[in-house]
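>>> quick one: sequence and predicted model below, then my questions.
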Amino acid sequence: MSAKENVSTALVGEVVRSFGEVRLGVLGTSMAPSVLPGDVVCIQQANLAEISVGEIVLFSRGERFFVHRVVSTCAAPMAGCLITRGDRLSHDDPPVNSSEILGRVVSIERGDREVGIAQSGSNRLIAHLLQSSDRATYLYVRFLAGWRKSFLPGGRCQA
């Protein structure tokens, strides 16, 4: 991990703790189809007790950020932690403790519009297909990028 990445991670954590909110661009595909590369997520500070199963959270681990969905809470003896997983992943993350949690995702921007935060279980068929193949994920992301470019040029969508 470079010194630049260490500073960036620490800075984002400090912004959330100081101001209560931060917006971050998403790079990975672990949350597809709910959150895609290029989306901007708005994170609001929340502590472990305020977060519910089904919500999407931001946590830091090993100088990296993860935006994953809460799938359960830890039972004793490790009470006080969350179990998370990317929507497209087939395995849970190691338990996330309160010191790693930075906040919950409260909005997702895709292009020039805000998209709803999908609940766990929605888009189950697409998520299952994407879990089974990195190639399918690549094609899905590329297809959506091309579709947006062709059919949603410029301006905001009116609801």
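All right, it came through fine.
>>> show the pLDDT at N123.
pLDDT, N123: 67.
>>> ok, now the one 4 residues further on?
The per-residue pLDDT reported for A127 equals 73.
>>> that one touches R88, doesn't it?
Yes - between A127 and R88 there is a contact under CB atoms under 8 Å: 6.0 Å. Heads up, the C-betas are built off the backbone N, CA and C, glycines and all.
>>> so between those two, which is more surrounded?
Neighbour count, other CB atoms under 10 Å: between A127 and R88, R88 has more, with 24 against 21.
>>> tell me which stretches of the protein form helices.
For the chain, helices defined by DSSP state H occupy the ranges 3-19, 124-132, 134-151.
>>> tell me which of these sits nearest to I56.
Checking the helices of the chain against I56 by CB to CB gives helix 124-132 as the closest, at 13.6 Å.
>>> mind listing what's buried along that closest one?
I126, A127, L130, Q131 (16 or more other CB atoms under 10 Å).
>>> pLDDT value on the residue nearest to V35 when sequence neighbours are not counted, please?
With sequence-adjacent residues excluded and distances taken as CB to CB, 6 or more residues apart in numbering, V35 is closest to V26, at 5.5 Å. Per-residue pLDDT puts V26 at 93.
>>> cool, V70 as well?
pLDDT, V70: 96.
>>> show me the beta-bridge partners of it.
T84 (DSSP bridges).
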